[in-house]
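Student: Dropping the sequence and predicted coords here.
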Amino acid sequence: MESSESNSSIDIKTFIPGKIICIGMNYKSHILEQDGRFPEKPVLFAKSNSSIIKNGENIIYPAQITQLDYEVELAVIIGKKMKNIAENQVQESIYGYTVMNDITARDCQKSDGQWFRAKSFDTFAPIGPEIILQENLPDAQNLNIKSYVNGELRQNANTSDMIFKINELISFISMSQTLERGDLVSTGTPAGVGIFMKEKKLLMPGDEVVCEIEKIGTLINKVKAEE
């Protein structure tokens, strides 16, 4: 990669990832609120980059959907092209970190038998509020991570609860595909999503969703019905 490309900054206001690679079932607490079956290796899925919105923009509730859910996640932004990278070399290839809300249409997720459509509607990937450079966040594996809906705390965990840690995830992904500068890897969500609560608490038009990660910032988006 050319040094000028490696050293240029990525502006969150204009940033659209090349690829969005997400990790499912990667927090111990999230597994336990489901069926308790821990994965033997990382569970990967993709979101379309056309689902990206930024801090303060609206999450559009599609007319065809009946179950809309939130998932606060730590997102890793790749800084250098990599393939078959060892775990102990991953950190030097990370550009920085931000917050992502992995919005999901649970009814589609269940009916489709796979996750891509359910995760990739327009506006289903809010990110922000900013990118914290890797050198300014040396221990991303020990950050408090929370989500709120209309001021009610829904998720409250720490990134140390990940089953597969950041370096392991990115190394694993790089064994099957080349990661490029500007790709985004979202590392999974902890317990507290709406669909798995005893009394389901799914998103509705008018709701405000706040996703917060220590040392990175607070991502705020409102839900708006599709017109």
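Tutor: That came in fine, so what should we check first?

Student: Give me the neighbour count for I173.
Tutor: 21 (other CB atoms under 10 Å). Any C-beta I mention is one placed from the backbone N, CA and C, and that applies to glycine too.

Student: Make 29 the first number, not 1, from now on.
Tutor: Shifting the count to begin at 29 puts that one at I201.

Student: right, and A74 touches C50 too?
Tutor: Yes. Counting by CB atoms under 8 Å, C50 is a contact partner of A74 at 6.9 Å.

Student: Spit out the residues that contact those two alike.
Tutor: Counting by CB atoms under 8 Å, 6 or more residues apart in numbering, the shared contacts of A74 and C50 are K147.

Student: Which of those two has more residues huddled nearby?
Tutor: C50 (24 against 13).

Student: what's the helix or strand hosting that one in contact with?
Tutor: Taking DSSP states H and E as the criterion, C50 maps to strand 48-52. Outside strand 48-52, the residues within contact range by CB under 8 Å, 6+ apart are 70-77, 79-80, 101, 130, 143, 147, 153, 192, 197, 201, 211-216.

Student: and what of stretch 221-237?
Tutor: 58, 61-62, 87, 89, 95-99, 129, 131, 134, 154, 175-179, 182-183, 248-253.

Student: end-to-end on that stretch?
Tutor: Terminal residues of stretch 221-237 are spaced 12 Å apart (CA to CA, to the nearest Å).

Student: Poorly predicted segments of the protein, please.
Tutor: Counting by pLDDT under 70, the chain has low-confidence residues at 29-35.

Student: all helices of it, in order?
Tutor: 31-35, 56-60, 134-140, 144-147, 194-202 (DSSP state H).

Student: closest to V118 out of these?
Tutor: helix 194-202 (4.3 Å; CB to CB).

Student: Pull out the buried residues from that closest one.
Tutor: Going by neighbour count (16 or more other CB atoms under 10 Å), the buried part of helix 194-202 is I194, N195, L197, I198, S199, F200, I201, S202.
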